[in-house]
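# sequence plus predicted model, see below.
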Amino acid sequence: MNKSTFFILPAAAMLLAACGTQTSSVSSKASSTSEGPSSKEASSSSSVDPYTFKTISPAGAPTLAYYDQGGNADFVTDTTPTNVAGQFKTNTYDAIVFDSINALKQIKANSYPFKLSNFITGGNFYVVSYGKDAAAVPTASDTFASFSENGLPDLVFKKLLASYSGYNTWAMPTVTYLPGVSDVLTALVSHTYDYYFIAQPALFAAKAKLGADASKVNVVANVRNDWKSYSGQTSIPQAALFLRTTSVEAHTNVAAAYTYNLNQRIKNSITDPAKVKASIETYSADATVQAAKFGYSAAVAYNVQKDGANGFGMVDPDSIEDNHDFVNTFIEKLGNAAYTAFDDSLFY
C-alpha cells in the first residue's frame, strides 16, 4: 500500500486546521502527496475530538516545522538527541521527531508502535573553508574538521567523495572528528582547520560570530545539492515525524489535523520566513529564550531561510510521492551494508 495517497481530511479535522483551534496539532502531509495516516482510516464522526498529540523533537533544524508551537506545553524539545530516541520505548509521546533511518532501525528491531509519517528536513550540510581562495578544494596537506563519524551525514559525504564526479579534484586530508556540530562551529570561529563539514544553522551562527572575518568563509560544497546531482533524489532522508500507531487509531481526525498543519508550517518555513520569525517572536521576544526552545533565534531562522535559500533543508511536502520508496532508494544509492531496505509496514 502506499503512499502517493494522502490525507483527505474529515470535515471536522479540516475545520480545526483552518481555524487553528488545535494548537498542538502539527502537520505534515495532508495537503500534498506526502504521507500521513490514510484517509480510509478516518472516523466518519463529525464530533470534535479534544485530544492533543504530545510531541518531542531534538532542538535544532527540525523544530522549524513547529515555529508557532513555542508556547504549547505539549511540544517539547531536547538538546540531547539520545533523550529523544529513548522516548520510542516509553508511552509518553504520540509524536516523535528524529533521524529517519536510525529511528526506523530502532522501530524495526524493537517492534516499537510507531510509523514514519512525514519528512521534515532533507539535508542542511555544507563543506566550507576558512582563509582559502574561493575556488580552492581540499588537498592532502590541509586540515579538515567534521562530526559524527559514520553517522548518516558522514556516510553520505563519504559516498559522494567516492562516487560523485563533482569531487574528483579533491584530495581529502585526514579528517578530525569532533563530538558534535557545535564543536565544529567553535573550531570555525577559531579557524582551527582549513575545511569544515558543518550544518545550518551552525554555519550562520559561526559567520555571525566571526563578524568581518566571515568574508573568509567560502562554501565549497552544498551536500544536499550534490546528493541530488549524484542520486537524482531531491533531498536526503534526515529528520522525520513518527506517529504512535495506537494514537492514530484512537484519534484519526486529530492525527489528520496534526499532519495537515505540519505540512502547512513546513511550506511556510520555505516560502514565508518572515511569518516564521514573527511567530517565534510571539512566543518570546528574548533571543536566548527562543534558542532554548528551538535551538536558534527568530533572527537566525529568518536569515537562514530568506530569499528562498532554505538553508535548514526543509522538505517540501509535495517533493516526495512515496516515503517508503524514497527511503529505500536512498539506502540503495548509499550502498552501505549497515543499512538495508525497510518494509512498507513501517510507513504511513
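That came through fine.
# chain center to the helix ranked longest in the chain, what's the gap?
The single longest helix within the chain, with elements called by DSSP state H, is helix 252-271. Relative to its chain's centre, helix 252-271 lies at 14 Å (Cα atoms, centre = their mean, to the nearest Å).
# what does stretch 279-290 give?
Chain-centre distance of stretch 279-290: 21 Å, with Cα atoms, centre = their mean.
# list the buried residues of that stretch.
For stretch 279-290, the buried set under the neighbour-count rule, 16 or more other Cβ atoms under 10 Å, comprises 279-281, 283-284, 290. (C-beta placed from N, C-alpha, C; glycine too.)
# check stretch 291-302 too.
Residues 291, 293-298, 300-302 are the ones in stretch 291-302 that count as buried (16+ other Cβ under 10 Å).
# what is the nearest of the residues you listed to residue 52?
residue 293 (18.0 Å; Cβ to Cβ).
# who are the contact partners of that closest one?
Counting by Cβ atoms under 8 Å, 6 or more residues apart in numbering, residue 293 touches 59, 63, 70, 77, 283-284.
# report the rounded mean pLDDT for stretch 195-206.
Mean pLDDT, stretch 195-206: 97.
# er, stretch 102-110 I mean
97.
# do the same with stretch 151-168
96.
# can you tell me which of the contacts of residue 293 end up in strands?
Of those, the ones assigned to strands by DSSP state E are residue 77.
# phi first, then psi, for residue 173.
Dihedral pair for residue 173: phi -80, psi 180, per degrees, to the nearest 10.
# same deal with residue 193?
Phi and psi for residue 193, reported as degrees, to the nearest 10, are phi -120, psi 170.
# and it, how far from residue 131?
According to Cβ to Cβ, to the nearest Å, residue 193 and residue 131 sit 10 Å apart.
# let me see the domain layout of this structure.
11-122+236-346, 125-231 (automatic domain parsing).
# how far is the shortest one from where the chain is centred?
With Cα atoms, centre = their mean as the basis, the distance from the averaged C-alpha position of domain 125-231 to the chain average is 19 Å.
# now, which of the buried residues of stretch 291-302 sits nearest residue 209?
Nearest to residue 209, judged by Cβ to Cβ, of these is residue 300 at 11.8 Å.
# confirm residue 277 sits in a helix?
Yes - under DSSP: H, G, I helix; E, B strand; the rest coil, residue 277 sits within a helix.
# so it sits against residue 302, correct?
Yes - contact criterion Cβ atoms under 8 Å: residue 277 and residue 302 qualify, at 4.0 Å.
# low-confidence ranges in this protein?
Along the chain, the model assigns pLDDT under 70 to residues 1-46.
# what about the strands in it?
Going by DSSP E, the chain shows strands at 55-58, 75-78, 95-99, 114-119, 125-130, 144-147, 175-178, 195-199, 217-222, 239-244.
# distance to residue 106 and mean neighbour count added to those, as a markdown table?
Formatted as a markdown table, the strands of the chain follow (distance: least, Cβ to Cβ, whole Å; neighbours: other Cβ atoms under 10 Å):
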| stretch | distance to residue 106 | mean neighbour count |
| --- | --- | --- |
| strand 55-58 | 14 | 24 |
| strand 75-78 | 16 | 20 |
| strand 95-99 | 8 | 26 |
| strand 114-119 | 9 | 27 |
| strand 125-130 | 22 | 22 |
| strand 144-147 | 21 | 21 |
| strand 175-178 | 23 | 18 |
| strand 195-199 | 22 | 26 |
| strand 217-222 | 29 | 18 |
| strand 239-244 | 10 | 26 |
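# distance to residue 311 added to those strands, as CSV?
CSV is the format used below for the strands of the chain (distance: least, Cβ to Cβ, whole Å):
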stretch, distance to residue 311
strand 55-58, 18
strand 75-78, 19
strand 95-99, 19
strand 114-119, 17
strand 125-130, 9
strand 144-147, 18
strand 175-178, 21
strand 195-199, 9
strand 217-222, 10
strand 239-244, 15
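# and of those strands, who's closest to residue 328?
strand 114-119 (11.9 Å).
# returning to that earlier point: so which of the buried residues of stretch 279-290 belong to helices?
Per DSSP H, helices hold the following members of the buried residues of stretch 279-290: 279-281, 283, 290.
# and those, which two are furthest apart?
279 and 290 (10.6 Å).
# need the residues that contact stretch 271-280.
Residues contacting stretch 271-280 (Cβ under 8 Å, 6+ apart): 64, 67-68, 70, 268-269, 290, 294, 297-299, 301-302, 305-306.
# farthest-separated two in the residues you listed?
By the measure Cβ to Cβ, 70 and 306 form the most distant pair in the contacts of stretch 271-280, at 20.0 Å.
# which one's more surrounded, these two?
Legend: neighbour count by other Cβ atoms under 10 Å for residue 70 and residue 306, higher for residue 70 (20 against 15).
# and for that one, nearest residue in space, chain neighbours not counted?
Nearest non-adjacent residue to residue 70, counting by Cβ to Cβ, 6 or more residues apart in numbering: residue 283, 3.0 Å away.
# would you confirm that that neighbour contacts residue 290?
Yes - here residue 283 reaches residue 290: they are 6.8 Å apart, a contact under Cβ under 8 Å.
# quick revisit: out of the strands of the chain, nearest to residue 348?
Among the strands of the chain, the nearest to residue 348 by Cβ to Cβ is strand 114-119 (4.7 Å).
# and residue 216, how far is that from residue 138?
16 Å.
# quick one: the helices in the chain?
Per DSSP H, the chain carries helices over the ranges 11-19, 81-85, 100-110, 152-163, 181-189, 202-210, 223-231, 245-250, 252-271, 273-283, 287-294, 298-305, 323-334.
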